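Undergrad: next one to model:
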Amino acid sequence: MDNKEEKNYLVKCDSSLPDNHKLDEQISKHSEKKSSSTEEVDSSSNQKLSLVTQIKTHSQGKRYYCDLCEASYSRKANLMIHIRSHSGEEKTYLCEICGSSFSHKSSLVKHTRIHTGEKPYMCDFCHSSFALRANLVVHKRTHTGVKPYSCEQCGSSFNHRSHKTRHMRTHTGEKPYSCEICRVSFSEKTNLTVHLRRHNGLKPYVCNVCSCTFADMSNLTVHMRTHTGLKPYSCGVCGFCFLQKSHLMAHMKTHKREKLFTCEVCSSCFCQKSKLDAHMQMHALEDKKYSKLDAHMQIHTDEDKKYSKLDTHMQIHAEEDKYSCNVCKSSFPTWSNFVLHMQEHRVEKQYSCVLCNISFDYESEFNVHMGTHE
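TA: The predicted model follows:
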């Protein structure tokens, strides 16, 4: 029972000491006092004396008290060190290279690896190395497929806790990172960092081919594909490839629509009859499209039609009204002009932005618009 009482007082003593080293010294004092008492008195007297000695140890010589937790110290310096533990300023381990300070020696050891480049933790699968063991644990999940963090709302799984935290904001709508300049909020800190570069004009990412600069690394990655021709996003239905994932997602919606109008010539399908009509005209005019070589060979094969340059020019005037619009009766000399004109009569535009519902006639215009959302 006396041992239990001594343990309780030691716990109280521990709460008033700044570190474990001081605690060990205090415990040694208790042991020495208890040992000397044993030699002088019997067992019953020894137990009482040990308790009295402890009480004196806690009550004497402690003139400095912490106002926050009532801990007491015999030296003012120890009290000042203790107060730092409340304010979070107790950082006794200093980096000799950059001057950074840390509360624990282990934190200093990890920090020092930034300067030395030491990476003692190696992956057994791919031999990648890491400075921190925690980073190695997360990396190994890419090999094992383990995803221990699951979303309680939709069941999605993640291999890192921070990934789940970011995902949960898609359900809650939380945007904890706010721009102090324009008050726009973001769910991820990296998005805020990129946004701030728009205010200060900083573009740290440079293309090594054409020297174009970008505020975001992802924009540089997409830009580099214009040089390499890489289109990593492929449609699983028709095999068409795209530079950006957003373009593929917009394209996939065209496959989800019900296509009721089928071309009898080539079996192509269309969502609108107007698109089928325009397509059928292309088949009707296929035999009338000659390349320069075809036109030249026609001169040799048709002996009765020998056209000079003037004759060829006059033929343009003869065919000025060749392509007529069946909607407004306008006429056009070339097929390309006629096709552009027919686009103006279309009720539904083909390329629609899934983010802001703006529609476009041409894919080039749509691609330029999608770039504004990145």
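
Undergrad: tell me which helix or strand in this structure has the weakest average pLDDT.
TA: helix 2-15 (a mean of 40; mean pLDDT, DSSP states H and E).

Undergrad: and the helix or strand containing M249, what does it pack against?
TA: Counting by DSSP states H and E, the element that carries M249 is helix 245-256. In terms of contacts (3 or more C-beta pairs under 8 Å, 6 or more residues apart in numbering; DSSP states H and E), helix 245-256 is packed against strand 233-234, strand 351-352, helix 363-371. Every C-beta, even on glycine, is put in place using the N, C-alpha and C of the backbone.

Undergrad: among the ones you listed, which comes closest to S268?
TA: helix 363-371 (17.0 Å; C-beta to C-beta).

Undergrad: what sits up against the closest one?
TA: Helix 363-371 has contacts (C-beta atoms under 8 Å, 6 or more residues apart in numbering) with Q244, S246, H247, A250, Q350, Y351, C353, I358, F360.

Undergrad: the fourth one contacts C353, doesn't it?
TA: In this case it means A250. Yes. Using C-beta atoms under 8 Å, A250 is in contact with C353, at 7.4 Å.

Undergrad: ok, those two, which is more surrounded?
TA: Under the criterion of other C-beta atoms under 10 Å, the comparison of A250 against C353 puts A250 first, with 20 against 16.

Undergrad: report pLDDT for N46.
TA: For N46, the model assigns a pLDDT of 47.

Undergrad: okay, now the unreliable bits of the stretch 51-200 of the chain?
TA: 51-62, 69-70, 81, 84-91 (pLDDT under 70).

Undergrad: still on that earlier bit, pipe the contacts of helix 363-371 into CSV and attach distance to L108 and pLDDT per row.
TA: Output for the contacts of helix 363-371, formatted as CSV (distance: C-beta to C-beta, whole Å; pLDDT from 0 to 100):
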residue, distance to L108, pLDDT
Q244, 44, 89
S246, 45, 87
H247, 49, 87
A250, 51, 79
Q350, 61, 67
Y351, 57, 75
C353, 52, 83
I358, 55, 80
F360, 57, 77
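
Undergrad: of these, buried ones?
TA: Q244, S246, H247, A250, Q350, Y351, C353, F360 (16 or more other C-beta atoms under 10 Å).

Undergrad: how much space between V209 and R225?
TA: From V209 over to R225 the distance is 11 Å, taken as C-beta to C-beta, to the nearest Å.

Undergrad: neighbour count: these two, which is higher?
TA: Of the pair V209 and R225, R225 is the one with more neighbours under other C-beta under 10 Å, namely 14 against 11.

Undergrad: need the pLDDT of the more buried one.
TA: You'll see R225 listed with a pLDDT of 91.

Undergrad: quick check: closest non-adjacent residue to it.
TA: Once flanking residues are discounted, R225 sits nearest to L243: 5.0 Å by C-beta to C-beta, 6 or more residues apart in numbering.

Undergrad: quick one, what contacts that neighbour?
TA: Contacts of L243 (C-beta under 8 Å, 6+ apart): V222, R225, T226, L230, K231, Y233.

Undergrad: got a winner among those residues for most neighbours?
TA: Busiest of those [other C-beta under 10 Å] is V222, holding 17 neighbours.

Undergrad: check contacts around that one.
TA: Taking C-beta under 8 Å, 6+ apart as the test, what V222 contacts is L243, Q244, E374.

Undergrad: how near is it to M122?
TA: Applying C-beta to C-beta to V222 and M122 gives a distance of 34 Å.

Undergrad: thank you kindly, that will do.
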